[in-house]
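[1] this one's sequence-less:
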Ligand code: BES
Ligand code: ZN
């Protein structure tokens with residue numbers, strides 16, 4: 001433990017905190033608890049190998065966007081003004097990330113006028129894009145870049161009216177994480193750099209634009225205006241435009257969606273306010289103002305994306321029974337882990353995703369009890385073990401990922417999510433909740449609006465937790481979790497009595513001792529169904545048929561159950577499910593499902609299924625998001 005600076009922080013016991021409090025000063029003083037928190041003065045640095053930005057020399061502090069959303073040409077067209085600060089006073093170069101952007105003019109502010117600035121664009125790298133190097137001299141602190149995006153921009157999906165549910169209006173939505181903000185604007189595209197932003201957008205009549213910011217309405221000139229006053233990394237800049245409707249859940253939380261799914265979404269996500277309260281009670285105030293959810297078209301490639309103030313969600317969560325809302329708990333939890341305290345590079349992605357998966361599970365427990373939280377831990381653990389055994393190399397199963405990782409996609413495996421969460425479960429078990437919960441709260445407070453590394457977290461833990469309980473964990477145990485492969489044997493072994501019962505009846509049915517109709521499924525939750533389906537061995541065709549006839553699994557409307565069933569159907573060659581599987585692949589673009597389904601078809605060892613997968617992909621591909629098109633193309637080509 002080196003060089004620590006003592007600081008006294010005021011922590012807030014959040015009981016009675018109003019929702020969406022904007023600053024800690026809105027809490028009742030009676031709730032104050034004084035605690036001493038030590039922020040180590042030594043900060044660790046891990047270079048971000050996925051950016052060209054010279055962010056050690058100059059940092060962009062604010063971006064002001066002024067853009068036309070042009071659906072005819074499928075481009076964003078306009079300019080961005082970047083305000084920057086020199087960390088090295090003699091820096092005369094600002095290097096930005098760009099990918100597939102057409103740069104038209106670059107100007108910088110000199111005294112009272114804008115003068116043209118010299119710049120170069122490097123040859124494009126297929127992953128990183130082109131470095132844009134601008135000569136900024138020694139005086140300028142603002143740069144304006146006139147540009148337009150490409151219709152092929154990987155971070156933007158432009159849907160024709162026919163591809164939306166309403167069929168009348170086109171749809172645009174963005175997905176900037178991890179490397180796609182640079183396809184939307186010239187930017188220092190690294191999570192190490194945080195900036196505020198504002199925007200003016202012009203969109204066709206009848207469409208509503210939304211951003212990951214405060215929606216400030218239309219100005220006198222007809223621009224839709226937005227502002228994000230909290231500094232965020234570039235991967236959290238987001239935009240969506242469509243004939244979008246809104247329904248409030250309470251005063252500070254609501255849902256945006258196309259009309260067809262608006263009421264169902266508000267109903268499905270009705271417990272979001274309780275989730276926010278649970279989060280706040282554990283980890284301190286929600287610091288972003290409003291929290292809204294936007295339900296996107298089915299081609300959205302993720303379950304959810306934590307765009308600040310406005311999480312983007314897949315419509316596959318709208319199951320009708322609130323069974324899949326852990327994804328809401330997850331995206332909301334990012335308002336603390338990820339958006340407030342951010343990994344400063346993708347090698348430390350577990351600081352975002354592992355912490356968030358941990359917080360998600362704590363919130364699910366607070367709302368729905370231990371049994372549901374445990375079921376989710378067991379399901380997650382099964383998925384993670386598979387991710388560990390599928391890893392391309394052992395280093396990709398470390399929490400601190402290797403410096404020669406090829407693409408940030410390698411950072412977003414269940415290793416970062418679930419091994420990360422399990423490291424925190426391990427710490428929680430060793431220190432006890434009474435010590436660990438306030439510690440995590442103080443961590444979010446200490447590094448709020450900052451970007452940090454794994455080593456910063458470990459240093460903070462040394463100075464604020466391990467110092468008080470020196471015998472709770474050893475250095476070797478921590479090293480095994482963070483810098484070692486696979487799952488350490490100190491991991492918690494989650495169990496669920498409900499799942500044990502499911503497994504016991506499954507065994508009886510598989511052995512032929514009972515019929516499918518005798519399985520005690522009446523009270524099974526989606527989780528129990530998933531455990532049952534995931535645990536099935538390869539069955540006989542008659543057994544698949546019996547299951548399907550008894551429970552109508554083929555074509556089920558719960559996307560998670562459908563996915564689990566189709567994985568079994570591929571494994572066992574159960575062909576009656578294939579037309580519904582095709583329909584699923586044609587309509588759902590959520591990567592978690594379709595990458596594995598295509599992967600299973602490809603790995604089935606059956607040539608007919610491999611050709612079929614290729615044909616389905618060709619037919620479905622125009623409807624997939626550019627990110628999904630690339631990923632599936634790679635899977636089928638491997
Ligand atoms: N930040 C991720 C989504 C993401 C990951 C975007 C990698 C770009 C690259 C988001 O918070 C997330 O993890 N979503 C999960 C849901 C969660 C419950 C595991 C998803 O999309 O399935
Ligand atoms: Zn996440």
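    All right, it came through fine. Note that the coordinates shown come from a computational prediction; the quantities given were computed from them, not determined experimentally. Ligands and ions are numbered 1, 2, ... in the order given.
[2] Check this structure for the residue nearest ligand 1 and tell me.
    residue 303 (2.8 Å; CB to the nearest ligand atom). (C-beta placed from N, C-alpha, C; glycine too.)
[3] What is the burial count for that residue?
    Other residues within reach of residue 303, judged by other CB atoms under 10 Å, total 22.
[4] Make sure it is actually in contact with residue 588.
    No: taking contacts as CB atoms under 8 Å, residue 303 lies outside contact range of residue 588: 11.3 Å.
[5] Mutual contacts of the two, please.
    Contact criterion CB atoms under 8 Å, 6 or more residues apart in numbering; residues shared by residue 303 and residue 588: residue 316.
[6] How about the residues of the protein by ligand 2?
    Residues of the chain lying near ligand 2 by CB under 5 Å from the ion: 353, 356.
[7] so where's the longest helix in the chain?
    helix 370-390 (DSSP state H).
[8] Residues touching that one, excluding its own?
    Contacts of helix 370-390 (CB under 8 Å, 6+ apart): 326, 357, 361-362, 364-365, 397, 413-415, 417-419, 421-422, 425, 485-487, 492, 494-499, 525, 527-528, 530-531, 534.
[9] how about 7 Å then?
    326, 361, 364-365, 397, 413-415, 418-419, 486-487, 494-496, 498-499, 527, 530-531, 534 (CB atoms under 7 Å, 6 or more residues apart in numbering).
[10] Nearest residue to residue 73 in space, please, no chain neighbours.
    residue 151 (6.9 Å; CB to CB, 6 or more residues apart in numbering).
[11] What is the three-state secondary structure of residue 109?
    strand (DSSP: H, G, I helix; E, B strand; the rest coil).
[12] Let me see the contact set for it.
    140, 142.
[13] could you measure it against residue 103, distance?
    Going from residue 109 to residue 103 by CB to CB, to the nearest Å gives 18 Å.
[14] which residues touch the closest residue to ligand 2 within the stretch 151-300 of the chain?
    The stretch 151-300 of the chain approaches ligand 2 most closely through residue 177 (9.0 Å), counting by CB to the ion. Applying CB under 7 Å, 6+ apart to residue 177 gives the contacts 235, 305.
[15] Could you check the pLDDT of the residue of the chain most remote from its centre?
    The outermost residue of the chain relative to its centre, with distances by CA atoms, centre = their mean, is residue 513 at 43.9 Å. Residue 513 is assigned a predicted lDDT (pLDDT) of 98.
[16] Quick check: it vs residue 574, distance?
    Using CB to CB, residue 513 is found at 22 Å from residue 574.
[17] How many residues are close by the nearest residue to residue 337 once chain neighbours are set aside?
    Of all residues not flanking residue 337 in the chain, residue 355 sits nearest, at 3.6 Å (CB to CB, 6+ apart). The burial count assigned to residue 355 is 28, neighbours taken as other CB under 10 Å.
[18] hang on, residue 355 packs against residue 335?
    No: the pair residue 355 and residue 335 fails to qualify as a contact (CB atoms under 7 Å) at a distance of 11.8 Å.
[19] Just the pLDDT for residue 111.
    pLDDT, residue 111: 85.
[20] How about the residues of the stretch 201-350 of the chain by ligand 1?
    Within the stretch 201-350 of the chain, the positions near ligand 1 by CB under 6 Å from any ligand atom are 302-306, 326-327, 330-331, 334.
[21] Spatially, which two of those residues are the most separated?
    305 and 326 (15.2 Å; CB to CB).
[22] Let me see the contact set for residue 509.
    Residue 509 neighbours (CB under 7 Å, 6+ apart): 516, 519.
[23] go on, residue 94?
    58, 84, 134, 136, 143.
[24] for the host helix or strand of it, the distance to its chain's centre please.
    Using DSSP states H and E, residue 94 maps to strand 93-98. How far strand 93-98 lies from its chain's middle: 26 Å, per CA atoms, centre = their mean, to the nearest Å.
[25] Number of residues surrounding residue 521?
    Neighbours around residue 521, by other CB under 10 Å: 15.
[26] Please apply the same query to residue 482.
    19.
[27] you'd agree it is up against residue 415?
    No: at 11.7 Å, residue 482 does not count as touching residue 415 under the criterion of CB under 7 Å.
[28] Ligand 2 versus residue 545, what's the distance?
    38 Å (CB to the ion, to the nearest Å).
[29] So that residue, which state does it fall into?
    helix.
[30] how much space is there between it and residue 557?
    Taking CB to CB, one finds residue 545 at 21 Å from residue 557.
[31] The two - which one has more neighbours?
    Set residue 545 next to residue 557 and count neighbours by other CB under 10 Å: residue 545 wins out with 14 against 10.
[32] Please name the spatially closest residue to that one (chain neighbours excluded).
    residue 576 (7.2 Å).
[33] Tell me the bridge partners for the spatially most central residue of the chain.
    The centroid of the chain falls nearest to residue 305 when counting by CA atoms, centre = their mean (4.2 Å). Residue 305 has these beta-bridge partners by DSSP bridges: residue 312.
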